[in-house]
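Novice: Here's a sequence, model it:
(2 chains)
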Amino acid sequence: MKSPRWNPYLVGALIGVLSLLTFSLADKPIGMSTGIAQASGACAMPVIGADGVAANAYWAKKAVPAWDYGSLFVLGSLLGALASAVMSGSFKLESVPKIWRERFGSSVMKRMIAAFIGGVVILFGARLADGCTSGHGISGSLQLAVSSWTFFLVMFASGIVTAFVLFRRNSKA
Amino acid sequence: MPTTLAFITGPNLLWAGLLFGFLFGVLLHRGGVTDYNVIVKQFLFRDFTVLKVMFTAIVVGGVGLFILHGQELTNWHIKPATTLAVVLGAVLFGIGMVIYGYCPGTGVAAIGAGKLDALAGFFGMIVGGIAYAFSYDWIAANILPVADLGKKRLPELSTLPEWFWYAGLVVLAAVVFALVARFEKTSS
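Specialist: Residues are numbered from 1 along each chain as shown, chains lettered A, B, ... in the order given. Okay, here's the model as predicted:
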């Protein structure tokens, strides 16, 4: 199977160009985590009701659960990666990544629980910081936003510490 | 302020969101960043794909935006520097990114590439979003106002001209990429 991967510098440059298109043609930055917060509001609806969601200040003002530019961008990303994976013949169902298996074993349940908890923590962090690797890391950094460079540096430092704590004992992979 | 080229408005924004998202998903997959191993190894300094992709995007997008904004073809979209919230959020984000193994964008894209752990983490992200929404009133009252510098850009912190910052960004990227290339050569 040939690798579906392109040169990372080329991909980065194309993402840069894509951000110029979204900024200039739609007056929108590239962002991801707001759309996911909108989806969380939609998922809360069956439990606390549409009124309950509308009464929440965050979902009412910051991440309205509806199909709009931001939430459709999230859906589009999933479809784009799916199309790319299928067309390059690299689509493969996988539950336990290699580096995780080498360190924590091949238990699917263990990996799923960790991924779930990691997901809770990352999105809570993204909303607290008001952006993620897309909204802050790319869109905000390229605008030289103070908030985004703060996020970028602190996030990398935190990730490095976490990775070394969790994976230090891994054999050189 | 509406800009000259921003012809995508109203309901057309829905299609634009889907299309731009689609292209972003293709690029994330082709960049290799929909892979847990690639992301975690970045934080272990064993794979520099994430840094290469992000920094190139920042330089190309940044310099391009500097030019477009100079022609008044774009607006700034700056997130407020609510410093305490950004720092705390970024600390949580870094921890979550290594455990989840993806960031929100690459996680969504990884689901499309067939990664089932990315899907489990997506459900976690939904719960994280719900938890944030329910904590929002308290956070808005107690965390967001602490050291809030507003929607500041780095050039506003000094008297140096705008172009100087972008020139500095290009130089910084060149230095970082050269160091990465050297590091990859010696460690392989």
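Novice: low pLDDT regions in the chain?
Specialist: In the absence of a named chain, this looks at chain A. A:1-2, A:170-173 (pLDDT under 70).
Novice: ah, I was thinking of chain B
Specialist: By pLDDT under 70, the weakly predicted segments of chain B are B:188.
Novice: could you pull out the helices for it?
Specialist: Remark: helices assigned in chain B by DSSP state H are B:12-31, B:36-43, B:49-70, B:83-100, B:104-112, B:116-142, B:162-187.
Novice: most packed of these?
Specialist: Across the helices of chain B, averaging neighbours per residue (mean count of other C-beta atoms under 10 Å in any protein chain shown) puts helix B:104-112 on top, at a mean of 31. Every residue, glycine included, has its C-beta placed from N, CA and C.
Novice: Quick one: work out the angle between that one and helix B:116-142.
Specialist: 150 degrees (axes from the mean of the first three to the mean of the last three C-alpha atoms, to 10 degrees).
Novice: now for helix B:104-112, which elements pack on it?
Specialist: Identification of packing neighbours for helix B:104-112 by 3 or more C-beta pairs under 8 Å, 6 or more residues apart in numbering or on different chains; DSSP states H and E yields helix A:33-55, helix A:69-87, helix A:108-129, helix B:12-31, helix B:116-142.
Novice: Recalculate using a threshold of 6 Å.
Specialist: helix A:69-87, helix B:12-31, helix B:116-142 (3 or more C-beta pairs under 6 Å, 6 or more residues apart in numbering or on different chains; DSSP states H and E).
Novice: Can I get those helices in CSV including distance to A:Ser3?
Specialist: Shown next, in CSV, are the helices and strands packed on helix B:104-112 (distance: least, C-beta to C-beta, whole Å):
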stretch, distance to A:Ser3
helix A:69-87, 12
helix B:12-31, 10
helix B:116-142, 20
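Novice: contacting residues for A:Ala114?
Specialist: Going by C-beta atoms under 6 Å, 6 or more residues apart in numbering or on different chains, A:Ala114 touches B:Ile99.
Novice: ok, now the one 4 residues further on?
Specialist: For A:Gly118, the contact set (C-beta under 6 Å, 6+ apart) comprises B:96, B:99-100, B:121.
Novice: Which ones, among those, also lie beside chain A?
Specialist: Filtering those for neighbours of chain A using C-beta under 6 Å from any C-beta of the partner chain leaves B:96, B:99-100, B:121.
Novice: distance of the spatially closest residue to A:Lys110 that is not a sequence neighbour from B:Leu144?
Specialist: Computed as C-beta to C-beta, 6 or more residues apart in numbering or on different chains, the closest residue to A:Lys110 that is not its neighbour in sequence is A:Phe104, at 6.2 Å. Distance of A:Phe104 to B:Leu144, given as C-beta to C-beta, to the nearest Å: 36 Å.
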